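A.B. asks: coords please:
(2 chains)
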Amino acid sequence: MDLGAISAVQKYTASRPATEPKAEEGGSMFGKVAKDFAQTVAQGEAVAKQAMVGDADPHALVQALAQTELAVETAVTVRNKVVEAYQEILRMPV
Amino acid sequence: MSEFAKSLTVSASGLQAQSARLRHLSENISNADTPGYQRKTIAFETAFSAARGVSPVEVGRVSLDDRELELIHDPSHPLADESGHYRGSNVNLLIELADAREAQRSYEANLKMFEQARQMSSSLMQLLRR
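C.D. replies: You can find the predicted model right below:
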């Protein structure tokens, strides 16, 4: 019985590192994605401004806007998923 | 940059190239009656950019068609020589119109690919929604 308890403790300590969050890795990756997103949106805005004063090619405008739309759609979907998961956790009976 | 964004970039470059082609065609057509005008042709090239990993098309050098200029008989024309002939342009309107139609078809194909990439990415995101 004692042996069983010891092995349970050992297994618990062995499995702990696997479930621990890797803070810096996940954080930096999310930061990179956010930076990419912000860059895409900013580029779309810049091209749209240029097109309004007649500088940019209309093809470049359409391309930039389509890419911005794609990025915003992805971001909104991810945000919805995150909020949904958070609410799911809040509803957990304690 | 995702694959969808890359295909959007390539399609946009195709659209740009075809509109440049159309510009040169309209220059040829509008100068069909200009004496001494040589029709312009353009070449398409692949512009591979290793940094972005895509190979969009881009417009190469403009070259002049050096076929013989048409000899027109008009003694009253200020450019006419002793025999009453002068050199017109070597633009054949039929060829230019056929080329313009080809440019239009190619433009439409690129437009369809653009739309396709956008739709595919949109439906992928639709999977995550309820």
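A.B. asks: okay, CA-based contacts and neighbour counts for the rest of this
C.D. replies: Noted.
A.B. asks: tally of neighbours for residue 47?
C.D. replies: All of this refers to chain A. Residue A:47 sits with 20 neighbouring residues when counted by other Cα atoms under 10 Å in any protein chain shown.
A.B. asks: right idea, wrong chain: chain B
C.D. replies: Under the neighbour criterion other Cα under 10 Å, residue B:47 is assigned a count of 14.
A.B. asks: so it makes contact with residue B:55?
C.D. replies: Yes: between residue B:47 and residue B:55 a contact is recorded at 5.6 Å, counting by Cα atoms under 8 Å.
A.B. asks: List the contacts of stretch B:35-50.
C.D. replies: Residues from elsewhere that reach stretch B:35-50 (Cα atoms under 8 Å, 6 or more residues apart in numbering or on different chains): B:17, B:21, B:24-25, B:28, B:31, B:54-66, B:69, B:86-91.
A.B. asks: Just give me how far it sits from the chain centre.
C.D. replies: Here stretch B:35-50 shows a centroid-to-chain-centroid distance of 8 Å under the convention Cα atoms, centre = their mean, to the nearest Å.
A.B. asks: what is the rounded mean pLDDT of that stretch?
C.D. replies: The predicted model assigns stretch B:35-50 a mean pLDDT of 87.
A.B. asks: Buried residues, that stretch. List them.
C.D. replies: For stretch B:35-50, burial by neighbour count (16 or more other Cα atoms under 10 Å in any protein chain shown) applies to B:35, B:37-40, B:42.
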